[in-house]
Structures are given as structure tokens and as C-alpha cells.
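Visitor: can't give you the sequence, but here's the structure:
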């Protein structure tokens with residue numbers, strides 16, 4: 001045997017081994033703090049004792065949309081901050097200032113655009129940063145940004161509403177960017193587990209909306225000022241994010257979690273198998289379009305248009321009209337409907353055909369048309385065809401339920417169309433298309449508000 005050839009073979013083998021070590025570096029970081037590093041090589045699946053990982057995935061789902069849920073639901077607070085501080089006899093006739101009428105639309109855009117940009121960046125370059133650093137770092141940024149928002153509650157901003165608006169939007173952009181990185185990493189991790197864990201993340205996002213709505217309603221029920229209720233409200237959000245951060249740090253000591261991150265739900269490692277984006281898109285492009293459609297349709301009216309809907313004039317002067325109508329109907333009922341849809345979808349998982357989901361997603365445009373002719377104020381062009389509260393509530397329930405149901409169906413079924421090693425890439429594509437839908441819907445929502 002040629003000794004030179006032997007040396008070359010040894011060198012090649014050494015290089016390959018070094019590359020494998022580099023490829024495994026991120027995954028080995030995940031188990032550095034694990035109770036037992038045997039999960040790197042063990043093929044026997046550890047058990048999720050007491051469903052700890054499942055519960056934490058629910059919590060992470062809640063935290064992933066904390067900026068969106070808690071900021072968008074604090075409508076009473078924003079209406080107070082952007083009120084007309086120098087009313088005159090002429091302006092007293094105007095129900096809402098320009099900031100009050102359009103702030104929700106701006107908030108939609110401030111969340112949708114950075115969410116899209118950073119989801120795409122996370123998909124393209126996320127592998128350059130370890131998953132642990134991405135998830136942990138993004139939670140820290142979210143927590144610090146929300147602490148700034150909480151502190152501003154107690155600051156008198158009447159004399160600098162324009163400046164407060166700019167600071168708020170910048171803070172929202174930073175929080176949303178961090179949330180996008182967190183969501184992208186979280187969904188990628190969840191795709192390595194069985195479908196129940198992906199369902200926990202998706203359902204947790206909706207549950208976060210319910211928590212935000214209930215927290216606001218409870219704070220308003222005490223009939224304290226919007227500032228004090230918002231302070232309590234935002235502190236709850238701070239606690240949720242801080243709890244998630246601590247829980248994520250503890251999660252790395254759970255063998256069940258680290259085993260699935262390395263081997264997936266099948267128990268077979270796919271660490272060195274590349275997933276082609278082109279191949280994945282060919283398999284799930286219909287689901288990707290469906291996810292885009294679901295959120296583009298929803299965001300076109302919720303909450304930019306729906307937050308402007310007022311109770312029927314017969315309830316004028318009551319607490320229902322003045323305090324509870326928007327929090328209960330626009331946020332609590334919507335999020336309960338959305339959450340119910342996601343729960344039901346987790347049991348049925350039908351329709352199983354991608355094209356049926358796509359048709360159903362587009363058909364929700366009918367809900368946009370109906371919500372546009374509810375009692376949204378102020379309005380200049382369109383008539384009010386559904387003035388009664390019960391009409392608006394029924395439309396909202398159906399609209400919300402279909403949003404949650406289709407979201408879960410698309411998210412779970414899309415990962416079933418690809419091979420095990422392609423699931424993380426497929427989940428990333430679906431999450432990105434969701435964000436594209438959010439952005440398109442937010443832009444359309446700004447237009448629809450002006451068409452009322």
C-alpha cells in the first residue's frame with residue numbers, strides 16, 4: 001500500500017471528523033447543561049414526565065406573542081395617551097383624534113414589517129447563531145423593551161404626544177424583531193417533536209391573547225384610571241416573559257427536550273441531511289399560500305377596523321358601552337374563538353387536502369366585507385348594515401374560529417407533507433408566509449380604515 005495514499009486517506013477522514021464536530025457544535029451546546037449527556041447517542045426516547053416540556057411549550061407560545069397581544073389589547077390606554085388634551089367647542093364634536101383613530105393601524109405595520117424581515121433573516125442566517133443564544137437572547141430583548149413600555153405608563157406625555165408616538169413605535173419594532181427571532185427558533189424546535197407539541201405552541205399563542213384580554217378586563221373592572229390599569233396590565237406581561245426566560249434556561253436540563261432536538265420525534269438523527277428549500281416549497285406551497293391568505297384576511301380588519309366598532313347607540317352611557325365593549329368583544333371573544341378553533345383542529349385535523357384549506361382561507365374574505373359594515377366609527381363612506389351588538393359578536397366568533405382552526409390545520413399538516421429532516425425548514429417557510437400575510441393585511445388595514 002502506498003504510504004502517501006494512506007496518509008491522504010487519514011487526512012481526509014480527520015477533516016470529515018472535524019467538520020462533523022463543527023456541525024454538531026450547536027447541538028452539543030444544547031445538552032451541555034443537561035442532567036445526562038447520554039442523550040447525544042441514546043436512541044431510546046426519554047419520557048416527558050408530568051408533561052413538563054408540553055406545558056413549557058404552551059408558555060413559550062404565550063410569550064412569543066406577548067408584544068402583539070398585550071400592546072394591541074391595551075386600547076383604552078392608547079386612547080388616553082393620544083386624547084385631545086386641549087379640547088375646544090369645535091373639537092368636542094370629534095369622537096377621536098387622528099392618533100386615536102389611526103394608532104392601531106400604525107401599530108399593525110410596526111409589528112408586521114419587522115416580524116417579516118427578521119423571520120426571513122432568521123431563516124437565512126439563523127444557523128450562524130446557536131438556537132440557545134437566539135431564544136435566550138430574544139427573550140431578554142423582549143423583556144427589556146417591555147420594561148421601557150411599562151415605565152412610560154407613569155410618564156406624563158401630554159406635551160409630547162408626537163415624541164411618545166415615535167418612542168412607542170421604535171420600541172414596538174425592537175420587541176417585534178426579537179419576537180420574530182424567538183418564534184422562528186421556537187417553531188423550528190417544535191417541529192422536531194410530535195404534532196401535539198407544535199399544537200401547544202400554536203395554541204399557546206392564542207391563549208396569550210385570552211390572557212391579555214382577561215387581564216385588561218379585570219383591571220378595567222376596578223374602574224381605576226387607564227394609567228393605573230395599564231401599569232398592572234403591562235407588569236403581567238413582564239412577569240410572563242421573565243417566567244419564560246427562566247423556564248427556557250431550565251429546559252436544557254430535561255433529557256426529553258435535548259433528545260428530541262438532536263434526534264427528532266422519530267428517534268433517528270437527521271443532523272447531517274440538508275433540506276432543500278426548493279424541494280420543500282414544491283411539497284407545501286399550497287399550504288404556504290393558505291397561511292398567507294388566513295392572516296392577510298384577518299389582519300385586514302383585525303384589529304385596525306374592529307377596534308373602531310362601537311356598541312349600539314341604545315347602550316350609550318352604560319359601562320358596557322364606555323368600558324367593556326371593545327375589550328370583551330374585540331379581544332376576549334375574538335381570542336376565545338381563535339383558541340377554540342385551534343383546539344378543535346388539533347382533534348380533527350381536517351380537511352387533510354391542501355386545496356380545501358386554500359379555498360377555505362380565501363373564502364374568509366366574506367368576513368372582511370361583513371365587519372366593514374358593522375358599527376365602526378368614525379365613518380364617512382360605507383353604510384352600517386349590522387348595527388346591533390349580537391350581529392357583530394356572531395360575525396366575530398365565526399371569523400375568529402375559522403382563523404384559529406385553519407392556522408392549526410395548516411401548521412400541522414404542512415409538516416406531514418415533508419420528510420423528517422425537512423420539517424424544520426417547512427415550519428420556517430410556513431412561519432415566514434404567516435408573517436408575509438400579517439404585513440400585507442396590516443397594509444390593507446390602513447387603507448380599509450380610510451374607506452369606512
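Guide: Cool, got the structure. These numbers come from a predicted model, not from an experiment.
Visitor: next, the buried residues of the stretch of helix or strand residue 343 belongs to.
Guide: Here residue 343, judged by DSSP states H and E, is contained in helix 334-348. Buried positions in helix 334-348, judged by neighbour count with 16 or more other CB atoms under 10 Å: 334-343, 345-346. To be clear about C-beta, it is placed using only N, CA and C from the backbone, and glycine gets the same treatment.
Visitor: do stretch 192-199 as well
Guide: 192-193, 195-199.
Visitor: how far is it from where the chain is centred?
Guide: 17 Å (CA atoms, centre = their mean, to the nearest Å).
Visitor: my guess is residue 308 meets residue 452, correct?
Guide: Yes. Using CB atoms under 8 Å, residue 308 makes contact with residue 452 at a distance of 7.3 Å.
Visitor: who has more neighbours, the two?
Guide: residue 308 (25 against 18; other CB atoms under 10 Å).
Visitor: ok, now which ones touch that one?
Guide: 101, 376-378, 449, 452 (CB atoms under 8 Å, 6 or more residues apart in numbering).
Visitor: which pair in the residues you listed spans the largest distance?
Guide: Within the contacts of residue 308, 377 and 449 form the most distant pair, 11.3 Å apart (CB to CB).
Visitor: show me which of those two is the more surrounded one.
Guide: The neighbour count for residue 377 versus residue 449, taken as other CB under 10 Å, is higher for residue 449 (21 against 12).
Visitor: which strand or helix spans the more buried one?
Guide: Element membership for residue 449, per DSSP H and E: helix 423-451.
Visitor: distance from the chain centre to that helix, please.
Guide: A distance of 11 Å separates the centroid of the chain from that of helix 423-451, by CA atoms, centre = their mean.
Visitor: which stretch of helix or strand covers the residue lying closest to residue 251 once chain neighbours are set aside?
Guide: In this structure, residue 251 finds its nearest non-sequential neighbour in residue 257, 5.3 Å apart by CB to CB, 6 or more residues apart in numbering. Mapping residue 257 onto the secondary structure by DSSP H and E places it in helix 255-263.
Visitor: next: residue 164.
Guide: Per DSSP H and E, residue 164 falls inside helix 161-190.
Visitor: which SSE is immediately downstream of that helix?
Guide: Using DSSP H and E, the next helix or strand after helix 161-190 towards the C-terminus is helix 195-221.
Visitor: list the buried ones in stretch 434-450?
Guide: 434-446, 448-449.
Visitor: what residues does that stretch touch?
Guide: Outside stretch 434-450, the residues touching it (CB under 8 Å, 6+ apart) are 101-102, 105-106, 108-109, 111-113, 115-116, 119-120, 180, 291-301, 304-305, 308, 368, 372, 407.
Visitor: now swap in stretch 345-358 and tell me
Guide: 196, 199, 203, 284, 286-287, 289-290, 293, 360, 404-410, 412-413, 417.
Visitor: for it, buried residues please.
Guide: Buried positions in stretch 345-358, judged by neighbour count with 16+ other CB under 10 Å: 345-346, 354, 357-358.
Visitor: for the residues you listed, which one is nearest residue 237?
Guide: residue 346 (26.0 Å).
Visitor: where's that closest one relative to residue 164, distance?
Guide: From residue 346 across to residue 164, the span is 41 Å (CB to CB, to the nearest Å).
Visitor: just to revisit the earlier point, tell me the average confidence for the helix holding residue 257?
Guide: Averaging pLDDT along helix 255-263 gives 79.
Visitor: that helix: what's the following helix or strand?
Guide: Following helix 255-263 toward the C-terminus (DSSP H and E): helix 277-301.
Visitor: could you identify the helix or strand that succeeds that following helix?
Guide: Toward the C-terminus, helix 277-301 is succeeded by helix 319 as the next helix or strand (DSSP H and E).
Visitor: which secondary structure elements does that next one contact?
Guide: Using 3 or more CB pairs under 8 Å, 6 or more residues apart in numbering; DSSP states H and E, no helix or strand is in contact with helix 319.
Visitor: contacts for that helix, please.
Guide: Counting by CB under 8 Å, 6+ apart, no residue outside helix 319 touches it.
Visitor: list only buried entries from the contacts of stretch 345-358.
Guide: Counted by 16+ other CB under 10 Å, the contacts of stretch 345-358 give 196, 199, 203, 284, 286-287, 289-290, 293, 360, 404-410, 412-413, 417 as buried.
Visitor: what about residue 391, neighbour count?
Guide: Neighbours of residue 391 using other CB under 10 Å come to 16.
Visitor: residue 236 now?
Guide: Residues contacting residue 236 under the criterion other CB under 10 Å number 18.
Visitor: just checking, it touches residue 215?
Guide: Yes. Counting by CB under 8 Å, residue 236 does reach residue 215; the two are 5.0 Å apart.
Visitor: between these two, what contacts are shared?
Guide: Common neighbours of residue 236 and residue 215 (CB under 8 Å, 6+ apart) are residue 70.
Visitor: which stretches of this structure have low pLDDT?
Guide: Filtered on pLDDT under 70, the chain yields the residue ranges 1-44, 88-95, 263-275.
Visitor: if I look at the residue nearest in space to the middle of it, how far off is residue 182?
Guide: Against the mean C-alpha coordinate of the chain, by CA atoms, centre = their mean, the closest residue is residue 65 at 4.1 Å. Per CB to CB, residue 65 is found 10 Å from residue 182.
Visitor: try residue 191
Guide: To residue 182, residue 191 is 15 Å away according to CB to CB.
Visitor: what's the closest non-adjacent residue to residue 428?
Guide: Per CB to CB, 6+ apart, closest to residue 428 is residue 123, 4.7 Å.
Visitor: thought the one you found was touching residue 432?
Guide: Yes. The pair residue 123 and residue 432 passes the contact test of CB under 8 Å, sitting 6.0 Å apart.
Visitor: who's more crowded, those two?
Guide: Using other CB under 10 Å as the criterion, residue 123 and residue 432 rank with residue 432 on top: 21 against 18.
Visitor: need the contact list for that one.
Guide: 116, 119-120, 123.
Visitor: and what of residue 136?
Guide: 245, 248-249.
Visitor: let's have these in TSV, adding distance to residue 313, neighbour count and secondary structure.
Guide: Conversion of the contacts of residue 136 to TSV gives the following (distance: CB to CB, whole Å; neighbours: other CB atoms under 10 Å; DSSP: H, G, I helix; E, B strand; the rest coil):
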residue	distance to residue 313	neighbour count	secondary structure
245	47	18	helix
248	49	20	helix
249	53	14	helix
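Visitor: out of those residues, who's nearest residue 141?
Guide: When the contacts of residue 136 are compared for distance to residue 141 (CB to CB), residue 245 comes out closest, at 10.6 Å.
Visitor: tell me how many other residues surround the residue lying closest to that closest one once chain neighbours are set aside.
Guide: Nearest residue to residue 245 in three dimensions, chain neighbours excluded: residue 139, at 4.4 Å (CB to CB, 6+ apart). Residue 139: 26 surrounding residues under other CB under 10 Å.
Visitor: now residue 139: phi and psi?
Guide: Backbone torsions of residue 139, given as degrees, to the nearest 10, read phi -60, psi -40.
Visitor: cheers, nothing more for now.
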